[in-house]
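A.B. asks: Fold the following.
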Amino acid sequence: MDAIQIESQALIGSFRRFGSLGPIYEIIGQGEPDRHGAPQMSILVVESGETLDYPVNDILEDPSET
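C.D. replies: Next comes the predicted model:
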């Protein structure tokens, strides 16, 4: 298992925010890689109930919500 997969698994169940003022989302699972093969996670946008795949690199830049 590579470092990205280990780090990705540790994110599941945590909450983050899109930027400093955006909506909160929960990381709910491993997503499908994007068309370039970059890893993504499945997230649930709390406010809207929408689920989508979101890049791990973007998740790591978003602020954590406790």
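A.B. asks: Tell me, how many residues neighbour residue 26?
C.D. replies: Using other CB atoms under 10 Å, residue 26 has 16 neighbouring residues. No exception for glycine: its C-beta is placed from N, CA and C like everyone else's.
A.B. asks: is it fair to say it lies in a strand?
C.D. replies: Yes - the assignment for residue 26 is a strand, going by DSSP: H, G, I helix; E, B strand; the rest coil.
A.B. asks: who's it bridged to?
C.D. replies: residue 15, residue 44 (DSSP bridges).
A.B. asks: Is it in contact with residue 14, as I believe?
C.D. replies: Yes - the pair residue 26 / residue 14 is scored as a contact, 7.4 Å apart, by CB atoms under 8 Å.
A.B. asks: measure residue 61 to residue 49 for me?
C.D. replies: Residue 61 sits 24 Å away from residue 49, taking CB to CB, to the nearest Å as the criterion.
A.B. asks: of these two, who's got more company?
C.D. replies: Ranked by neighbour count (other CB under 10 Å), residue 61 and residue 49 place residue 61 first, with 10 against 7.
A.B. asks: distance of that one from residue 51?
C.D. replies: Applying CB to CB to residue 61 and residue 51 gives a distance of 20 Å.
A.B. asks: for residue 12, same thing?
C.D. replies: 14 Å.
A.B. asks: Name the residues contacting each of the two.
C.D. replies: Shared contacts of residue 12 and residue 51 (CB atoms under 8 Å, 6 or more residues apart in numbering): residue 28.
A.B. asks: Right, I'll call it a day here.
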